[in-house]
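> here are the coordinates; sequence isn't available:
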């Protein structure tokens, strides 16, 4: 089976007393998930760690991680009460520890969907209880990653699975002071898309496509040209995200919103001194004031538009439902226009900074 680097297919933010946290859906090989992961959560049948082709344990084995050996020398063995064990701290991997939840084989493959869903619920409840225990022990658990339980070989209904995953993940994010981000990964592209649709349905998001036409095509060409100018000197991720956006004929309002907001955040962080970057995006844009920062008001307004539309689609069920029903194709054109204008401003601002430094 060919390895696939995971890409994000859906995303939602949740407001908590500790700020915004995120629940994210990816498609690809979880063993190749980019960015640092504090805890990788996997599942196994009772004490069965055979690295089967197509399984998460198999993917880890191909990267030199022996799950069976980790189980024998684990940091915490909580299988009696929580059906989980916790690995020692790992090195030379993008994840610092593994938490493995074990369940009987027959539970996952039960023909009764209610029993199968209960198995998923119980597994997640056990996992999040263990994560809370690790936080009490001072073990970092800010970034969690796990496969989409029950949607692989078990083939459970993605609509049922996503409701359970989102409910329990949201409860954990609201309850935990430490966890900031939970990433779920489905290997199969078709199944990941089914889960993304189920996630949108659960949130009440309505699909709106960018209209076609000469104006849109011209803006996309302009954006592509601006990206090529910026590419040698700025973050590769924001460049590739925008390139993917303008090439995807089925890009959703969510992807427009999140990518636009990420662009605004990248630009603002580039403009601000490091000491001024400790705020949310709204606060950071407000810091771009004279005499310290000479940023024109029109540029700040474009940044605020990207921030606002991004927030509308990222923040929770009620907001996403309202935004999806009020924003249409013309609003996506405006978002595209703002992206183009902010990219042009960013290029000019970087040129001015270089010219000023050389004087």
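All right, it came through fine. On a predicted model such as this, the values are computed, not experimentally measured, just so you know.
> what are the contacting residues of stretch 168-186?
By C-beta atoms under 8 Å, 6 or more residues apart in numbering, the residues outside stretch 168-186 that reach it are 6, 14, 16, 18, 21-30, 33, 37, 121, 124-125, 128, 131-132, 135, 140-148, 151-152, 165, 192, 195. For every residue, glycine as well, the C-beta is placed using N, CA and C.
> just the buried ones from the residues you listed?
Listed as buried from the contacts of stretch 168-186 are 6, 14, 16, 21-30, 33, 37, 121, 124, 128, 131-132, 135, 141, 143-148, 151-152, 165, 192, 195; burial here means 16 or more other C-beta atoms under 10 Å.
> what segments of the stretch 51-200 of the chain are helices?
When secondary structure is read from DSSP state H, counting those that start in this stretch, the stretch 51-200 of the chain shows helices at 56-62, 67-72, 79-82, 105-108, 113-136, 158-175, 189-203.
> now swap in the stretch 201-350 of the chain and tell me
Using DSSP H, counting those that start in this stretch, helices in the stretch 201-350 of the chain cover 214-230, 236-247, 253-271, 281-286, 297-314, 317-326, 329-358.
> out of these, name the one with the poorest average pLDDT.
With a mean of 45, helix 317-326 has the lowest mean pLDDT of the helices of the stretch 201-350 of the chain.
> any idea how far the nearest residue to residue 117 once chain neighbours are set aside lies from residue 195?
Closest residue to residue 117 apart from its sequence neighbours, by C-beta to C-beta, 6 or more residues apart in numbering: residue 160 at 5.4 Å. The gap separating residue 160 from residue 195 is 11 Å, by C-beta to C-beta, to the nearest Å.
> same check, this time on residue 91
32 Å.
> can you check residue 112 too?
21 Å.
> show me what contacts residue 164?
Applying C-beta under 8 Å, 6+ apart to residue 164 gives the contacts 117, 120, 121, 124.
> how near is it to residue 253?
Distance, residue 164 to residue 253, using C-beta to C-beta: 25 Å.
> related to what we said a few turns ago, for the helices of the stretch 201-350 of the chain, which one ends up most surrounded?
Of all the helices of the stretch 201-350 of the chain, helix 253-271 has the most neighbours on average by mean count of other C-beta atoms under 10 Å, namely a mean of 22.
> against which helices or strands is it packed?
Contact partners of helix 253-271 among helices and strands, from 3 or more C-beta pairs under 8 Å, 6 or more residues apart in numbering; DSSP states H and E: strand 7-16, helix 236-247, helix 281-286, helix 297-314, helix 317-326, helix 329-358.
> who touches the third one?
The set of residues external to helix 281-286 that reach it, using C-beta under 8 Å, 6+ apart, is 261, 264, 265, 268, 269, 272, 276, 277, 300, 303, 304, 307.
> again, only this time at 10 Å
The contact list for helix 281-286, computed with C-beta atoms under 10 Å, 6 or more residues apart in numbering, reads 261-262, 264-265, 267-269, 271-272, 276-280, 295, 299-301, 303-304, 306-308, 310-311.
> which residues touch the closest residue to residue 288 other than its chain neighbours?
The shortest distance from residue 288 to any non-neighbouring residue, by C-beta to C-beta, 6+ apart, is to residue 295 (4.2 Å). By C-beta under 10 Å, 6+ apart, the residues touching residue 295 are 267, 268, 271, 272, 285, 287, 288, 289, 303, 345, 349.
> in CSV, list those residues along with distance to residue 83.
Rendered in CSV, the data for the contacts of residue 295 read as follows (distance: C-beta to C-beta, whole Å):
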residue, distance to residue 83
267, 46
268, 45
271, 49
272, 47
285, 47
287, 48
288, 51
289, 54
303, 48
345, 53
349, 54
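> now, among the residues you listed, which is nearest to residue 218?
Nearest to residue 218 among the contacts of residue 295: residue 345, at 18.6 Å, using C-beta to C-beta.
> the closest one touches residue 302, doesn't it?
Yes - the criterion here is C-beta atoms under 10 Å, and residue 345 meets it with residue 302 at 7.1 Å.
> what touches both of the two?
Looking at what touches both residue 345 and residue 302 (by C-beta under 10 Å, 6+ apart), the common residues are 267, 296.
> any idea how far residue 178 is from residue 138?
Separation of residue 138 from residue 178 (C-beta to C-beta): 10 Å.
> who's more crowded, those two?
Between residue 138 and residue 178, counting by other C-beta atoms under 10 Å, residue 178 is the more crowded of the two (17 against 7).
> could the helices and strands packed on helix 253-271 go into JSON lines alongside distance to residue 227?
Shown next, in JSON lines, are the helices and strands packed on helix 253-271 (distance: least, C-beta to C-beta, whole Å):
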{"stretch": "strand 7-16", "distance to residue 227": "18"}
{"stretch": "helix 236-247", "distance to residue 227": "5"}
{"stretch": "helix 281-286", "distance to residue 227": "21"}
{"stretch": "helix 297-314", "distance to residue 227": "16"}
{"stretch": "helix 317-326", "distance to residue 227": "26"}
{"stretch": "helix 329-358", "distance to residue 227": "7"}
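> since that was my last question, I'll sign off now.
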